[in-house]
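In: Need the 3D shape of this:
(2 chains, ligands or ions: 2)
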Amino acid sequence: MSPEIIRLIVNATIDTFYMVALALGFGTLIGLPLGIFLATGGKGELLAFPAAKTILGLIANATRSTPFIILVVAIIPFTRLIAGTSIGTTAAIVPLTIAAIPFIARLIEGAIREVDYGLVEAARAMGATPLQIVRKVLIPEALPGIVLGLTLAAVNLIGFSAIVGVVGGGGLGDLGIRYGYQRFMPEVMAVVVIVLIVLVQGVQSFGDRLSRRLNKRLRHSS
Amino acid sequence: MSTTSHLSDNLTFRSSDWLEPRSRTSTGKANVQEPTASPRRNVSASDGLVVFDHVHKAFAARGSAGEVTALQDISLSLRTGSIMGIIGRSGAGKSTLIRLVNGLDTPTSGRALFDGVDVGSLSGNALRQTQRQIGMIFQHFNLLSSRTAFENVALPLEIAGTDKTAIAARVNALLELVGLADKRDRYPSELSGGQKQRVGIARALATEPKLLLSDEATSALDPETTRSILDLLKTVNRELGLTILLITHEMSVVREIADEVVVLESGRVVEHGPVYDVFTQPQHAVTRSFFANDAGRQLPADIRARLQPGAIPGGKAIVRIVFRAASADDAVLSKLARELGVDVNIMSATVDTLAGKPFGWFIASVDGSKSADEIVAYLARYGVSAEVLGHVA
Ligand SMILES: Nc1ncnc2c1ncn2[C@@H]1O[C@H](COP(=O)(O)OP(=O)(O)OP(=O)(O)O)[C@@H](O)[C@H]1O
Ligand SMILES: [Mg+2]
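Out: Numbering: from 1, shown residues only, chains lettered A, B, ... in the order given. Ligands and ions are numbered 1, 2, ... in the order given. The predicted structure follows:
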């Protein structure tokens, strides 16, 4: 394999990393509060605001049921508005983030709902405000689950980031399509796949380990 | 001046001497009781720290149009400094009742007063200020798994906005009090059930409450650990002057710790009185049923198997005779035999003390010409209560 190709692969890996990291970051920034609200906004719940919860839930579901490739195309005007262009690595972050938000929100909602309601009661009995309960009880107690959720989101984003390659998004997927498929260089395709596998494995085992470290329910951890 | 600053002044200045015996109560009270911005302060202080005033509570039944009545017309008063035990079967309404005191729930009608304030009428900040004067412990401890023992005890203080140094001093003193100073950096998963409950108690005491609510706090513990936890509760009651309202379904817990007992059944109070009286003279069938497994109150197995409800010609009546402190004169049994001309045969006897007063009971078979009711009536004249358990041939 020529040094030229190797340089392309290294750059594409960096691009993928960049897209996934930023999409995960922005996705979490919005997905975390959204997930907390979805978990606590229902009738009789902590931040009871059922109407808003229902509407946000519907939007989240609608976004999640739209196939990613269609989402990418459908929001091109929006992408152009945000990123100034609709092609390239930076532009790809927009649809990736949009897809990540409801996904992350639902995962975080699940993690928050796992928290024993007795803990919320105990905090209420101490005279905690709803926000204090979220900050001091729900988030810390759900943290191992949240980390696992974000790990899953990161893995999915790696996959999605390969799809944006189809529409000129850059990164490993783009490289695989352009060289491996269009120029018929199967060895490039193979390397791309291997790098993706290693990336996913790395992210997954990092997330697993971090989550286990944070989970004080397990006796052996410390 | 707001109540918050009162509380935190309190904490800062007295965090070190707070755990000293009693001396604090008067000054401490004056400090916390000052005008909380609370409406409807219309019950005099002499009414007790906790007062239930004709409390009803109904829940909307899930899936149907009807309602579940959890509490009906409950009126009770809990004296400052005392320990009240609420006992009842599962579903009797115990948790519902206790949750009205700290505003986790509100009555459908009637009022639950804490320190003269109708808790159900409070909301927002006023409610939270009141809640900080009430500690609560739970059957399943409800400790945060992500926090160490120290951090768990610190939680209510963080919530109340206490500053870090005051928190550290207070939490360390509390962990010392509950005997867990060496476990301060352990996570709940590394503690035994009894240790977890000690953390729970320390946490409940953190904001220097006037009242401690306990919902089945020992139900998940073995008998020995239960005893040590109850001892700890007694200690905090005595040394800190803390009033305690505790729920249990075990008579032994009430007996160990409470001054007064309330028996709840289907949302109603069926019996209420000093522990000694309720133990020695239970009035209600439900109350008696709680004694069913009490050692010493049980019939020998062979007798129980042969027991029949109706009188049997030529047979014997099985009677439980309870001697209370005032009547502990067992000569009454020989008088009974002499004057009524019956044979009294003692089958088992237990002598014990309860709340510092002696009492005893005998299970005896009585035969002869007199009916069981006559015997009971005879004993009653001497102030000795007796109960006919049945008859054997
Ligand atoms: N949130 C609720 N919604 C509907 N019904 C409720 C609710 N909470 C309690 N109940 C009902 O009220 C009654 C009393 O319940 P409560 O939890 O007070 O009983 P308990 O005496 O504490 O029982 P246990 O010993 O099992 O804890 C029960 O019939 C219960 O089903
Ligand atoms: Mg209960």
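
In: make it CA atoms for all contacts and neighbour counts henceforth
Out: Will do.

In: how about the helix or strand hosting A:Ala62: buried residues?
Out: According to DSSP states H and E, A:Ala62 maps onto helix A:50-65. Residues of helix A:50-65 classed as buried by neighbour count (16 or more other Cα atoms under 10 Å in any protein chain shown): A:Pro50, A:Lys53, A:Leu56, A:Gly57, A:Ala60, A:Thr63, A:Arg64.

In: What is the burial count for the closest residue to ligand 1 within the stretch 101-250 of chain B?
Out: Ligand 1 sits closest to B:His249 of the stretch 101-250 of chain B, with a gap of 6.6 Å, by Cα to the nearest ligand atom. Applying other Cα atoms under 10 Å in any protein chain shown, we find 18 residues neighbouring B:His249.

In: Any part of stretch A:104-119 near chain B?
Out: Yes: applying Cα under 8 Å from any Cα of the partner chain, one finds stretch A:104-119 touching chain B at A:Gly118, A:Leu119.

In: How about the residues of chain A by chain B?
Out: A:118-119, A:121-129, A:132, A:137, A:140-141, A:214-219.

In: Can you tell me the element the residue of chain A found nearest chain B falls in?
Out: Here chain A gets closest to chain B at one residue, A:Gly127, 4.1 Å apart by Cα to the nearest Cα. For A:Gly127, there is no helix or strand it lies in under DSSP H and E.

In: Now it. Its backbone dihedrals?
Out: phi 80, psi 30 (degrees, to the nearest 10).

In: picking that back up, and the next helix or strand past the helix holding A:Ala62?
Out: Following helix A:50-65 toward the C-terminus (DSSP H and E): helix A:68-74.

In: Just say helix, strand or coil for the residue nearest the centre of chain B.
Out: Most central in chain B under Cα atoms, centre = their mean is B:Gly85, positioned 1.7 Å from the mean C-alpha point. The three-state label given to B:Gly85 by DSSP: H, G, I helix; E, B strand; the rest coil is strand.

In: Would you map the helices across chain A?
Out: For chain A, applying DSSP state H gives helices covering A:3-40, A:50-65, A:68-74, A:76-83, A:89-113, A:117-125, A:130-133, A:139-163, A:172-175, A:186-214.

In: of these, which approaches B:Gln72 most closely?
Out: helix A:117-125 (23.8 Å; Cα to Cα).

In: Could you report the neighbour count for the closest residue to ligand 1 within chain A?
Out: Proximity of chain A to ligand 1 (Cα to the nearest ligand atom) peaks at A:Gly44, 10.6 Å away. Using other Cα under 10 Å, A:Gly44 has 10 other residues around it.

In: Tell me if B:Ile68 really is in a strand.
Out: Careful, residue B:68 is Val; it's not Ile. Yes: residue state for B:Val68 (three-state DSSP) corresponds to a strand.

In: Isn't it up against B:Arg62?
Out: No: with contact defined as Cα atoms under 8 Å, B:Val68 does not count as touching B:Arg62 (9.2 Å).

In: For the residue in chain B positioned nearest to chain A, list the residues it contacts.
Out: The minimum distance from chain B to chain A, using Cα to the nearest Cα, falls at B:Arg128 (4.1 Å). By Cα atoms under 8 Å, 6 or more residues apart in numbering or on different chains, B:Arg128 lies in contact with A:Met126, A:Gly127, A:Ala128, A:Thr129.

In: Generate a ChimeraX selection restricted to the buried entries among the residues you listed.
Out: Command for ChimeraX that selects the buried part of the contacts of B:Arg128, burial taken from 16+ other Cα under 10 Å:
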select /A:126,127,128,129
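
In: of the contacts of B:Arg128, closest to B:Phe150?
Out: A:Met126 (16.3 Å).

In: Would you mark the buried spots in the helix or strand hosting B:Arg170?
Out: Per DSSP H and E: B:Arg170 is located in helix B:164-177. By 16+ other Cα under 10 Å, the buried positions in helix B:164-177 come out as B:Ala166, B:Ile167, B:Ala168, B:Arg170, B:Val171, B:Asn172, B:Ala173, B:Leu174, B:Leu175, B:Glu176, B:Leu177.

In: Report the two of these separated the most.
Out: The span of these, defined through Cα to Cα, is set by B:Ala166 and B:Leu177 at 16.5 Å.

In: can you pull the pLDDT of residue 67?
Out: As the question left the chain open, I've gone with chain A. pLDDT, A:Pro67: 91.

In: I was thinking of chain B, sorry if that wasn't clear
Out: Predicted confidence (pLDDT) for B:Glu67: 87.

In: Report the central residue of chain A.
Out: Central residue of chain A (Cα atoms, centre = their mean): A:Ala153, at 3.5 Å.

In: ok, that residue - contacts?
Out: A:Leu24, A:Ala100, A:Phe103, A:Ile104.

In: near ligand 1, which residues of the stretch 1-150 of chain B?
Out: For the stretch 1-150 of chain B, the residues in contact with ligand 1 (Cα under 6 Å from any ligand atom) are B:Phe59, B:Ala61, B:Ala70, B:Arg89, B:Ser90, B:Gly91, B:Ala92, B:Gly93, B:Lys94, B:Ser95, B:Thr96.

In: quick one, phi psi at the fifth one?
Out: Its backbone dihedrals place B:Ser90 at phi -60, psi 130, with angles given as degrees, to the nearest 10.

In: Could you check how many residues crowd around it?
Out: Neighbour tally, B:Ser90, other Cα under 10 Å: 12.

In: Check the fourth one too.
Out: Counted with other Cα under 10 Å, the neighbours of B:Arg89 add up to 16.

In: can you pull the pLDDT of it?
Out: pLDDT at B:Arg89 comes out at 92.

In: For it, give its distance to A:Ile36.
Out: 37 Å (Cα to Cα, to the nearest Å).

In: and if you look at the first one?
Out: Between B:Phe59 and A:Ile36 the computed distance is 28 Å (Cα to Cα).

In: And these two? Which one has more around it.
Out: Taking neighbours as other Cα under 10 Å, B:Phe59 and A:Ile36 compare with A:Ile36 leading, 23 against 13.

In: which residues sit in contact with the more buried one?
Out: A:Ile36 touches A:Ala105, A:Ile108, A:Glu109, A:Ile112, A:Val134, counting by Cα under 8 Å, 6+ apart.

In: what number of residues lie near the nearest residue to the first one once chain neighbours are set aside?
Out: Translated: A:Ala105. Leaving aside its chain neighbours, A:Ala105 sits nearest to A:Gly35 (3.9 Å; criterion: Cα to Cα, 6 or more residues apart in numbering or on different chains). Other residues near A:Gly35 come to 28 when the count uses other Cα under 10 Å.
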